[in-house]
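Trainee: My questions concern the predicted model and sequence given below.
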Amino acid sequence: MSLLRHSNSPCRWLLIVLLAATLGSFHSVASAEPRSDKGSQDERPRARISASQAAAIVQQRYGGKVMNVSTRQTGNGVVYGVKILQNSGHMRTVSVDGQTGAILN
């Protein structure tokens with residue numbers, strides 16, 4: 001301990017350098033900004049239309065009975081999958097853009 005009290009002690013300078021290096025590395029880790037993933041939810045556009053509005057759009061266009069509406073997130077935003085039972089008895093799934101309401105297929 002007496003070596004650390006002398007201002008010109010090599011052990012004291014070594015301890016100071018090690019301490020400074022350690023604190024510097026903690027600072028760089030603590031101040032690093034969080035990574036932003038391309039597909040993070042905050043960056044994705046939110047749907048402008050609801051699932052029930054998507055169902056109404058499909059029903060108006062194709063007729064029949066809406067059986068189910070699913071929601072999926074894509075790189076461009078929300079896409080609704082509206083499953084309808086057509087008057088002909090066929091099941092059909094129609095994709096609807098959640099931002100514009102446009103039918104995609």
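Mentor: Looks like it came in fine.

Trainee: Which parts of the protein are helices?
Mentor: Ranges of helices in the chain, per DSSP state H, are 2-5, 10-31, 51-62.

Trainee: could you say what helices and strands the last one packs with?
Mentor: The one in question is helix 51-62. strand 65-74, strand 77-85, strand 91-97 (3 or more CB pairs under 8 Å, 6 or more residues apart in numbering; DSSP states H and E). C-beta: built from backbone N, CA, C; applies to glycine.

Trainee: got the buried residues for that helix?
Mentor: Buried positions in helix 51-62, judged by neighbour count with 16 or more other CB atoms under 10 Å: 51, 53-58.

Trainee: quick one: which of the residues you listed is nearest residue 80?
Mentor: Lowest distance from residue 80 to the buried residues of helix 51-62 (CB to CB) belongs to residue 54, with 3.9 Å.

Trainee: And the pLDDT for residue 28?
Mentor: Note on residue 28: pLDDT of 44.

Trainee: again with residue 45
Mentor: pLDDT, residue 45: 75.

Trainee: Would you confirm that it contacts residue 99?
Mentor: Yes. At 5.7 Å, residue 45 counts as touching residue 99 under the criterion of CB atoms under 8 Å.
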